[in-house]
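Trainee: This is a predicted model, with the sequence first.
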Amino acid sequence: MKQMRNRALYILFFLVFTSKTVLGQEGIKFGVLFEPTIIWLHSDVSDVIPENPRLGFNFGMQLDYYFAQNYAFATGLSLFNTGGTLNHANGITRFRVKGGNVAIAPNSKIQYNVQYAKIPVALKFKTHRIGRMVYSANMGFSPMVRTTAKAIFEDDNKEKYNKVNVNNEINL
């Protein structure tokens, strides 16, 4: 986890310090993004009940390369922090954590904290000014790769687990 954060910080500093040369070039725009989000989890298992929504955020860098006046290729790198709480009505007999399996008692709540690295790839289009408005569209996709997954929960013996690595429980 610490190594991934350090790598992300190195990339962030590299992009910030190289942005001075990038900003001077015509057709290239560099920016920083911060997107607050409201997140809730849902399960396809009937005895797993989602709890309250949670506030998450996405932050990172973005780069737009304008290959024509109103058309750009957009990409970047960001870290998306998400998660939520699930109530397991029937419990879990084998909850996979690093180092083995743990039994979870019925009606136990598990709080998940998951972080993904996002690398968006998109095309941006915008119109010329129409009255006082400029209309735009951003079409593409944002593949994500899970970087960390942590959970906070109690096992069936009421032993508290805090920020336990649950990468085995959450798909990549």
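Mentor: Great, that's in hand. Note that the coordinates shown come from a computational prediction; the quantities given were computed from them, not determined experimentally.
Trainee: Which residue comes closest to Leu41 once chain neighbours are left out?
Mentor: Nearest residue to Leu41, sequence neighbours excluded (CB to CB, 6 or more residues apart in numbering): Gly84, at 3.6 Å. To be clear about C-beta, it is placed using only N, CA and C from the backbone, and glycine gets the same treatment.
Trainee: Now the one you found: phi and psi?
Mentor: Gly84 adopts backbone torsions of phi 160, psi -180, taken as degrees, to the nearest 10.
Trainee: Please report how far it lies from Gly99.
Mentor: Distance, Gly84 to Gly99, by CB to CB, to the nearest Å: 24 Å.
Trainee: between these two, who's got more neighbours?
Mentor: Taking neighbours as other CB atoms under 10 Å, Gly84 and Gly99 compare with Gly84 leading, 19 against 8.
Trainee: Thought Val48 was touching that one, still the case?
Mentor: No: at 11.4 Å, Gly84 does not count as touching Val48 under the criterion of CB atoms under 8 Å.
Trainee: which non-adjacent residue is nearest Phe73?
Mentor: Tyr65 (4.8 Å).
Trainee: Which residues does the strand or helix carrying that neighbour contact?
Mentor: Using DSSP states H and E, Tyr65 sits in strand 54-68. Defining contact as CB atoms under 8 Å, 6 or more residues apart in numbering, one finds that strand 54-68 is touched by 12, 15-16, 22, 27-40, 72-85, 118, 120, 124.
Trainee: one more time with 7 Å
Mentor: The contact list for strand 54-68 (CB atoms under 7 Å, 6 or more residues apart in numbering) reads 12, 15, 27-39, 72-84, 118, 124.
Trainee: Now the buried members of those.
Mentor: Neighbour-count burial (16 or more other CB atoms under 10 Å) is assigned, among these, to 12, 15, 30, 72, 74, 76-84, 124.
Trainee: out of the residues you listed, which are inside strands?
Mentor: 30, 72, 74, 76-84, 124 (DSSP state E).
Trainee: where along this protein do the helices fall?
Mentor: For the chain, the helices defined by DSSP state H occupy 2-23.
Trainee: got any ranges where it has weak pLDDT?
Mentor: 1-26, 93, 156-157 (pLDDT under 70).
Trainee: in it, which residue is closest to the centre?
Mentor: The centre of the chain sits closest to Phe80, judged by CA atoms, centre = their mean, with a distance of 2.0 Å.
Trainee: Roughly how far does that residue sit from Arg96?
Mentor: From Phe80 to Arg96 the distance is 23 Å (CB to CB).
Trainee: wait, the residue nearest to the centre of the chain sits on Val114?
Mentor: No: counting by CB atoms under 7 Å, Phe80 does not reach Val114; the two are 8.6 Å apart.
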